[in-house]
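*Asks:* Got a sequence here, can you build the structure:
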Amino acid sequence: MDSARSELDEPLGQDGAPPPAPRRALIAIAAFLFLCAVAAIGIFGTVAFREGISPVSLSFMSPDRERSPSATAKPAPQLEAASASRLHSTFIPHLDSDDVGPLRRGLVFRDSLAEGGQNLRVAHLPDRALIEESELGPLPVRAADGLRPFDAYARPWSGARGARIAIVIGGLGISQTGTQEAIEKLPPEITLAFAPLGNSLMRWMQEARRDGHEVIMQVPLEPAGYPSTNPGRYTLLTNVGADKNIRNLRWVLSRITNYTGVMNYMGARFTADRKAMDLLMDELSQRGLLYFDDGMSARSLAEEVALAKGVPFVAGDDVIDQERERGAILKKLDELERIARAKGFAVGSGIALNATVDAVTSWAGEVRKRGVELVPISAVAVDPERGEGG
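*Replies:* As a prediction, the model looks like this:
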């Protein structure tokens, strides 16, 4: 029977005879080494993801981009000028592996600084002068001339003093589908807030900035019911040392670039603690970032401490989706319009739920027709450094 077999009966590329024993041994050894290497890579990747560090090695480019009109920035008082070596050396930020697309293997930097709002054509690119290297990843920092991320990454607006409304939608990055829909559906005047424990944050930040949105980071702060109510890992707490809180804060700040400031995520207990808020606002002042308080805690010391430390500050008037039903959300938005007409501006916040995104999107078109301007969160900030506000 064997003599009747044809070449079609043999495995492709083989003659039917078993390989010599030494060859089989070499194949077995090679397979074992390959499996060991794969296992080692998997273990390293798991650890890196858990610690917020990516094994992806990135390079940087500094393309010659069109410069936006710039003005002289007010130098930051008592701040050490950033060294040229720090601003221009290469570092490896932590990015999830899916943050790096097949055609975008490096984090691209802009070289030009824009005073009074970043050029929207390059809004997704971080300014090299506003980045500090750290073991945790890229951290926002004032430029050597004092220019702040708050200034450089602000979305331009008309500057008119009519009725204005700023809306911040948070929770970006938690749901990939929800994040995509929020970025695509919401008008570009709506500010987007990213959750630090979300996924693919750098990629989503770039998509949001390309679409014209101003972005901020959410910082998890200790709530009144902690630990029964827990905002998650890297929460800033009132009963831990300053070093621990600073490290957790810097981890949060390193998750993305190109943002103007931060907002609280929960935090009723933390924001009522003067020592804790001093620590937070000192760091934000040093880095040139805004603080937005959503207004949910009447005991919050955020405004008092922020203005004392020179931090641009915004207080929220209402949370628009505590009742997660379209009709209730629209009523809250109408109330913001009433507040804006009475005092000149109003600020609301919500999360990236379908009902919230759909309600804000439809309402935005109508409120513009009634002569109200939608503006980014930076446009309504009280800025002690410039003596401006609201």
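*Asks:* quick one: secondary structure of the closest residue to residue 254 other than its chain neighbours?
*Replies:* Nearest non-adjacent residue to residue 254, counting by C-beta to C-beta, 6 or more residues apart in numbering: residue 137, 3.4 Å away. Yep, even glycine has a C-beta here, placed from its N, CA and C like the rest. At residue 137 the chain is in coil, as set by DSSP: H, G, I helix; E, B strand; the rest coil.
*Asks:* separation between residue 137 and residue 326?
*Replies:* 38 Å (C-beta to C-beta, to the nearest Å).
*Asks:* Tell me which of these two has more neighbours.
*Replies:* Neighbour count, other C-beta atoms under 10 Å: between residue 137 and residue 326, residue 137 has more, with 24 against 16.
*Asks:* That one contacts residue 255, doesn't it?
*Replies:* Yes. Counting by C-beta atoms under 8 Å, residue 137 touches residue 255, with 7.2 Å between them.
*Asks:* dump the residue contacts of residue 213.
*Replies:* 155, 183, 186, 188, 190, 191, 192, 376 (C-beta atoms under 8 Å, 6 or more residues apart in numbering).
*Asks:* Does it belong to a helix, a strand or coil?
*Replies:* Relying on three-state DSSP, one would call residue 213 coil.
*Asks:* do you know how far it is from residue 320?
*Replies:* Here the distance between residue 213 and residue 320 works out to 17 Å (C-beta to C-beta).
*Asks:* Number of residues surrounding residue 335?
*Replies:* Per other C-beta under 10 Å, the neighbour tally for residue 335 reads 15.
*Asks:* ok, now residue 193?
*Replies:* 28.
*Asks:* partners of the helix or strand containing it, with directions?
*Replies:* In this structure, residue 193 sits in strand 191-194 according to DSSP states H and E. Strands flanking strand 191-194 in the sheet, each with its direction: strand 164-172 (parallel), strand 215-221 (parallel) (DSSP bridges).
*Asks:* Of those strands, flag the one that's most buried.
*Replies:* strand 215-221 (a mean of 27; mean count of other C-beta atoms under 10 Å).
*Asks:* helices or strands next to the helix or strand just after it in the packing?
*Replies:* The first helix or strand that comes after strand 215-221 along the chain, using DSSP H and E, is helix 242-253. Packing partners of helix 242-253 (3 or more C-beta pairs under 8 Å, 6 or more residues apart in numbering; DSSP states H and E): strand 139-140, strand 215-221, helix 274-287.
*Asks:* Buried residues, helix 242-253. List them.
*Replies:* 245, 248, 249, 250, 251, 252, 253 (16 or more other C-beta atoms under 10 Å).
*Asks:* The third one and residue 255, how far apart?
*Replies:* Same thing as residue 249. Noted for residue 249: a distance of 11 Å to residue 255, by C-beta to C-beta.
*Asks:* just the strands in the stretch 51-200 of the chain please.
*Replies:* Assigned by DSSP state E, counting those that start in this stretch, the strands in the stretch 51-200 of the chain fall at 59-61, 106-108, 131-132, 139-140, 164-172, 191-194.
*Asks:* Can I get those in CSV including distance to residue 293 and mean pLDDT?
*Replies:* Formatted as CSV, the strands of the stretch 51-200 of the chain follow (distance: least, C-beta to C-beta, whole Å; pLDDT from 0 to 100):
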stretch, distance to residue 293, mean pLDDT
strand 59-61, 35, 30
strand 106-108, 31, 50
strand 131-132, 25, 97
strand 139-140, 19, 98
strand 164-172, 11, 98
strand 191-194, 13, 98
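*Asks:* Residue 206 is nearest to which of the ones you listed?
*Replies:* strand 106-108 (9.6 Å; C-beta to C-beta).
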